[in-house]
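> kindly return the folded structure for what I paste below:
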Amino acid sequence: MSRTVTHTRLAVVAAAAAGITVLAGCSSSPSSDNASAGSCEPAKGKVTLQYWNTVPGMDKVVDLWNTKNPNIQVETKNISNDQYGAIGNALKAGKAPDLAQVGYDQLPNLRTQDAFVDASACADATAAKSKFVPWTWSQSSFGDTGVFALPQDTGPMALYVRSDIFEKYDVAIPKTWDEYAAAAEKLHKADSDLTITYFDPNNAEWFNGLLWQNNANMYAYADDKWHVTVESEQSEQVANYWQDLISDDAVRTDLAHGSTQMYAAYQKDQIASYIGAAWGYSMFRDNLPKQAGKWTIVPMPTWGANGTSGNWGGSTVAFMKGSKHLYESVKFNTWLNTDPEALALENELGGLYPAATAGLELPALSKGVPYYNNQKIFDVFAESSKQVDTSFTWGPTQKTVNLALQDAMAKAAAGDGKLTDALAAAQEAALKSMQDQAIPATAGK
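Sure, this is the predicted structure:
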């Protein structure tokens, strides 16, 4: 990978780092204090670890490790159908895995539940800091001396375009959101079964990425309290924009992201674009093979002169409370997220855009991708990374906020209220959930 792209990732999305640092200093999050936190002794004899994740092809990555490490075997379980439900239930039952995939936005919430073990007693864990893009390390360590997770991937966003459909109806690829709305109207007018994209009301993480792009900071910290700004002028601009598209039937609202129905709609040429993250490139490749060569990836439409981009998702591999094999967990976790061979497989099979600096040098990220007509798509995501607002912050009760946002967005999509009502509901949920946990919070702008 080029020096330019490496620099890009080092500068990418420092956003949540600031928020997590604040969280560590001022929230009611407990520190990990179980026996494993102070001990990093290797086991005597063979060990089997449990690793839960949502990444396609991760079983093959784990197979590679198991072949090379007969005394530290790993069993992997895909929990993509109910990621945080599965983790939450396991924690309540005292049967959490040794390691689990956890999104950056969910780390603060799970930490308030004392879900993690501090791996800083292991020299390999603390030494790993230099191997990752700095902002991702700040998130997983909560800005303090602990090591609760290792970064895995990030999600800079872009616009996936069915070039053939746009060409068929003589529609220019949009560079601004105004142009995107005009393109949506033109495409739907040309074919009533065709929409430019879909709006999934049950995907708060995606919507948060849209807010992020418009500098709609959801939280700030000052004067020893959180200032909740979910319902801001910038977020209302985004909500009103999508409300207009929904009201005009210019986008569909009946498709869930990653569902069979979603892929079927794309297969039938009923949807002409997709607003997604870097990790989504493998979704279309693996599920719509007949559309190879028809897709192009371009920068996200922008808000006028505002050239910022958004980030959707990205995950860590967390050290879960109750693990009896911290030493071995660190060995595997470090290999999984820093070893070039492992990173290459994860990118190829699961579409992960690595958080490790070694991953930024992967040859695959500097080459054209056959499915996308040999376009160097990762150059687009690298440029997207440079354009992400670095002041964006996650709050300590993001899961609750996301659920409130989704519930209200679903009602709005069904005609009961508007998307701006969802922002108000999320604002209220954020304040109440923090106050319920004795986390100082107030409404702010």
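> C-alpha only now, for contacts and for neighbours.
Will do.
> hey, which helix is longest across the chain?
When secondary structure is assigned using DSSP state H, the longest helix within the chain turns out to be helix 419-436.
> give the partner strands of the helix or strand that that helix is followed by in its sheet and their orientations.
The helix or strand immediately downstream of helix 419-436 is strand 441-443, counting by DSSP states H and E. Strand partners for strand 441-443, identified by DSSP bridges, are recorded as strand 225-228 (parallel).
> on that earlier part again, put the alpha carbons of the longest helix of the chain into CSV.
Extracted C-alpha coordinates of helix 419-436, given in CSV (Å, rounded to 0.1, in the frame of the first residue of the first chain):
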residue,chain,number,x,y,z
LEU,A,419,-37.8,11.4,11.2
THR,A,420,-37.3,14.6,13.2
ASP,A,421,-39.5,13.0,15.9
ALA,A,422,-37.0,10.2,16.0
LEU,A,423,-34.2,12.6,16.8
ALA,A,424,-36.3,14.0,19.7
ALA,A,425,-37.0,10.5,21.0
ALA,A,426,-33.3,9.7,20.8
GLN,A,427,-32.4,12.9,22.6
GLU,A,428,-34.8,12.1,25.4
ALA,A,429,-33.6,8.5,25.7
ALA,A,430,-30.0,9.7,25.9
LEU,A,431,-30.7,12.0,28.7
LYS,A,432,-32.8,9.6,30.7
SER,A,433,-30.5,6.6,30.3
MET,A,434,-27.5,8.7,31.5
GLN,A,435,-29.4,10.1,34.4
ASP,A,436,-30.7,6.6,35.4
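> please name every helix or strand in contact with it.
strand 225-228, helix 233-247, helix 398-413, strand 441-443 (3 or more CA pairs under 8 Å, 6 or more residues apart in numbering; DSSP states H and E).
> output these in TSV; the columns should cover mean pLDDT.
Shown next, in TSV, are the helices and strands packed on helix 419-436 (pLDDT from 0 to 100):
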stretch	mean pLDDT
strand 225-228	92
helix 233-247	97
helix 398-413	95
strand 441-443	94
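> out of the ones you listed, flag the one nearest residue 183.
Ranking the helices and strands packed on helix 419-436 by proximity to residue 183 (CA to CA) places helix 233-247 first, at 11.1 Å.
> how about the strands in the protein?
Under the criterion DSSP state E, strands of the chain are mapped to 47-53, 72-78, 99-103, 149-162, 219-222, 225-228, 273-277, 295-298, 311-319, 441-443.
> what packs against the fourth one?
Counting contacts by 3+ CA pairs under 8 Å, 6+ apart, the secondary-structure elements packed against strand 149-162 are helix 134-141, strand 273-277, strand 295-298, strand 311-319, helix 326-338, helix 377-386.
> how about the ones you listed in JSON lines, adding mean neighbour count?
Converted to JSON lines, the helices and strands packed on strand 149-162 look like this (neighbours: other CA atoms under 10 Å):
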{"stretch": "helix 134-141", "mean neighbour count": "25"}
{"stretch": "strand 273-277", "mean neighbour count": "22"}
{"stretch": "strand 295-298", "mean neighbour count": "21"}
{"stretch": "strand 311-319", "mean neighbour count": "26"}
{"stretch": "helix 326-338", "mean neighbour count": "22"}
{"stretch": "helix 377-386", "mean neighbour count": "23"}
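> of all these, which one is nearest residue 167?
That would be strand 295-298 among these, by CA to CA, at 11.8 Å.
> same for that closest one, what does it pack against?
For strand 295-298, the packing partners by 3+ CA pairs under 8 Å, 6+ apart are strand 149-162, helix 163-168, helix 377-386.
> could you dump those into TSV and include distance to residue 111 and mean pLDDT?
Below are these laid out as TSV (distance: least, CA to CA, whole Å; pLDDT from 0 to 100):
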stretch	distance to residue 111	mean pLDDT
strand 149-162	11	95
helix 163-168	44	98
helix 377-386	27	88
